[in-house]
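Got a sequence here, can you model it:
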Amino acid sequence: MLEPPRDPAPGALVDQHGRRKRKLRLSLTDRCNLRCAYCMPEHPTWLPRRELLTIEELLQLSGLFVRQLGITHIRLTGGEPTLRRGLPELVHGLQALRADGLQRVSMTSNATRLRELAAPLQAAGLDDLNISIDARDPELFQQLTRGPIEPVLDGIAAAREAGLPFKLNAVVIRDYNDSQIETLAAWAFEQDLELRFIEFMPLDNAQQWSRDRVVTEQEILQRLGSRFGIVEKQPRVGASPATEYRVGGRHRLGIITTVSDPFCGSCDRVRLTAIGELFACLFSARGTTLRDALRSGAGDAELMALIRGGVWNKESGFAAPRGYVERPITMHRLGG
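Sure thing, here's the model as predicted:
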């Protein structure tokens, strides 16, 4: 294992490939009320609640990442983060870090509980949302997720009413939901909603990934161009994972090309699971445990050494192995 430099740049959290980390994805729970096959086991066993980081612990570690390690963006994930008790209080607590450099607090959700939570989350200081919706057809959505689409659509409406900016995310898998590409796009364009398609990554729970199930960016663009007109590529902004397009002269669209054109070289993200395991990469086979040190009374210096060591040894990413990744942790526990 490589050792991190003794005297890194003040506030910098860097890996051995020179990539600086500015974004923390903070998983709040492994629980979810939907059952997307590429994410959730057929019969999930939930982590005991006592093993999850408390709200106070989440705030303590977030403060360390922001104040000492240069993190500027925090995204709350799961599982489904809206199932976590005390979510608005956590979002409110994170606002104290604005003065220390935190710029945005975001969340990824399936939107099923946003009817009751969108307004409280907006009032607590949440900046924006990513909302997952892999099909617009109600019957197919039910088949894919084992849940009805109506609460998702109602949650999207609630986010709009609350004034919470959001994007829609759809993972596209051949012979699973690729029939929905044009359907989702037509609906999103009609509603003036920003949609992002995500290529199927080799991280699914059931190990069903194969390259021929990946619907690539090129194919998606060809299909959308045939249906909606000219597709124009937009300038990339920062280290965003999505390539942005303008469709038909006015509709916003993004594509996240994890497989066909990996963006690992500019990755600026790290992930912390709900039980305090730090994963420097989605494709990491193992993480660095912070919870035990935290609960045993470790100080900031010891915790930062663990974090820096875990991040320094970050792999180059999917751009290197380019195949299925065996991991002991599944997506619903790691956080997308």
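
Kindly provide the distance from Ser109 to Glu80.
Applying CB to CB, to the nearest Å, the value for Ser109 to Glu80 is 7 Å. For every residue, glycine as well, the C-beta is placed using N, CA and C.

more neighbours, the two?
Ser109 (26 against 22; other CB atoms under 10 Å).

Show me where the chain has its strands.
Assigned by DSSP state E, the chain shows strands spanning 23-27, 73-77, 104-109, 128-132, 166-172, 195-199, 231-233, 242-247, 251-256, 269-272, 277-279, 288-289.

Switch those over to JSON lines; also include distance to Gly93 and mean pLDDT.
Formatted as JSON lines, the strands of the chain follow (distance: least, CB to CB, whole Å; pLDDT from 0 to 100):
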{"stretch": "strand 23-27", "distance to Gly93": "12", "mean pLDDT": "97"}
{"stretch": "strand 73-77", "distance to Gly93": "11", "mean pLDDT": "98"}
{"stretch": "strand 104-109", "distance to Gly93": "10", "mean pLDDT": "98"}
{"stretch": "strand 128-132", "distance to Gly93": "18", "mean pLDDT": "98"}
{"stretch": "strand 166-172", "distance to Gly93": "22", "mean pLDDT": "97"}
{"stretch": "strand 195-199", "distance to Gly93": "29", "mean pLDDT": "95"}
{"stretch": "strand 231-233", "distance to Gly93": "40", "mean pLDDT": "90"}
{"stretch": "strand 242-247", "distance to Gly93": "29", "mean pLDDT": "90"}
{"stretch": "strand 251-256", "distance to Gly93": "30", "mean pLDDT": "92"}
{"stretch": "strand 269-272", "distance to Gly93": "16", "mean pLDDT": "94"}
{"stretch": "strand 277-279", "distance to Gly93": "20", "mean pLDDT": "95"}
{"stretch": "strand 288-289", "distance to Gly93": "23", "mean pLDDT": "94"}
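
mind putting these in CSV, distance to Trp46 included?
Output for the strands of the chain, formatted as CSV (distance: least, CB to CB, whole Å):
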stretch, distance to Trp46
strand 23-27, 13
strand 73-77, 16
strand 104-109, 18
strand 128-132, 20
strand 166-172, 23
strand 195-199, 25
strand 231-233, 42
strand 242-247, 31
strand 251-256, 28
strand 269-272, 18
strand 277-279, 16
strand 288-289, 19
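
Out of those strands, the one nearest Glu56 is which?
strand 23-27 (13.8 Å; CB to CB).

ok so, going back, for the strands of the chain, which one sits closest to Leu87?
Of all these, it is strand 73-77 that lies closest to Leu87, at 7.6 Å by CB to CB.

ok, and what's touching that closest one?
Identification of contacts with strand 73-77 by CB atoms under 8 Å, 6 or more residues apart in numbering yields 22-28, 62, 65-66, 87, 90-91, 94, 102-108, 130, 271, 335-336.

Of the residues you listed, grab the buried ones for ChimeraX.
Here is the ChimeraX command that selects only those of the contacts of strand 73-77 that count as buried (16 or more other CB atoms under 10 Å):
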select :22,23,24,25,26,27,28,62,65,66,87,90,91,94,102,105,106,107,108,130,271,335,336
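
tell me the angle the lengthiest helix in the chain makes with strand 104-109.
In the chain, ranked by residue count with DSSP state H as the criterion, the top helix is helix 55-69. Between the axes of helix 55-69 and strand 104-109, defined by axes from the mean of the first three to the mean of the last three CA atoms, to 10 degrees, the angle is 130 degrees.
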